[in-house]
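Asks: Dropping a prediction and its sequence here:
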Amino acid sequence: MFGSIGRRKIPVTVLLRALKYTGEELLDFFYHREKILSRKGRFLKEISKDVLVGQKATSDILDPETHKVIVKKHRRITEGSYKKLELAKINTISIETEDLLGKYLARDVVDPETGEVVAEYNDEVTEKFLEEIKKRKIETSRSSSSIISTSVLPFEIP
């Protein structure tokens, strides 16, 4: 996206940075984010209609009470199936580590014990990064912020 100042054509991000927007604010403005939580060495995706509808399920999504399949593995999540997830009061779905690889962080990830920045926003999610999260046992709860907020980039998720 470009903007014009006089006869000059410049990227909009340059203009927004000149107006003192941070990199994190720009990511929030241009991309939807998936909130990924870490619990007991597993990764969970918080469900959000903006991000989830249109994506393919990475595994079968089951109703916790009836154990019936709401969305089959590799099927697109539609508006109707999203409503079923809401009715079943499903707030998070399990996600494989392979599905996180190649995405980008929308927030800095900080080790709560040491205060050390493990990774900065806009860093790519790699196997090394995910192993570091598990090794340091960095976990989140629903009340705290997610450890990984991945920007949904247009070429990552159709």
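Replies: Arrived safely, thanks for sending.
Asks: so where's the protein uncertain?
Replies: 140-158 (pLDDT under 70).
Asks: residue boundaries of the strands in it?
Replies: Counting by DSSP state E, the chain has strands at residues 2-5, 8-11, 33-39, 42-46, 61-62, 69-71, 92-95, 104-105, 109-110, 117-119, 148-151.
Asks: Looking at strand pairing, list the partners for the closest residue to Phe2 other than its chain neighbours.
Replies: Excluding the flanking residues, the one nearest Phe2 by CB to CB, 6 or more residues apart in numbering is Lys9, at 5.0 Å. All C-beta spots, glycine's among them, are computed from the backbone N, C-alpha and C. Listed by DSSP bridges, the beta-bridge partners for Lys9 are Ser4.
Asks: contacting residues around Ala57?
Replies: Neighbouring residues of Ala57 by CB atoms under 8 Å, 6 or more residues apart in numbering: Val71, Lys72, Lys73, His74, Arg75, Arg76, Ile77, Ile93.
Asks: Please spell out the ChimeraX selection for the buried subset of those residues.
Replies: The command below creates a ChimeraX selection of those among the contacts of Ala57 that count as buried (16 or more other CB atoms under 10 Å):
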select :71,77,93
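Asks: before we move on, back to that, so which of the strands of the chain comes closest to Leu27?
Replies: With CB to CB as the measure, strand 148-151 is the member of those nearest Leu27 (5.2 Å).
Asks: tell me the most buried of the strands of the chain?
Replies: Using mean count of other CB atoms under 10 Å, the stretch among the strands of the chain with the greatest mean number of neighbours is strand 148-151 (a mean of 23).
Asks: picking up where we left off before, can I get the strands of the chain in CSV with distance to Tyr82?
Replies: Shown next, in CSV, are the strands of the chain (distance: least, CB to CB, whole Å):
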stretch, distance to Tyr82
strand 2-5, 35
strand 8-11, 34
strand 33-39, 14
strand 42-46, 13
strand 61-62, 10
strand 69-71, 9
strand 92-95, 11
strand 104-105, 24
strand 109-110, 28
strand 117-119, 30
strand 148-151, 19
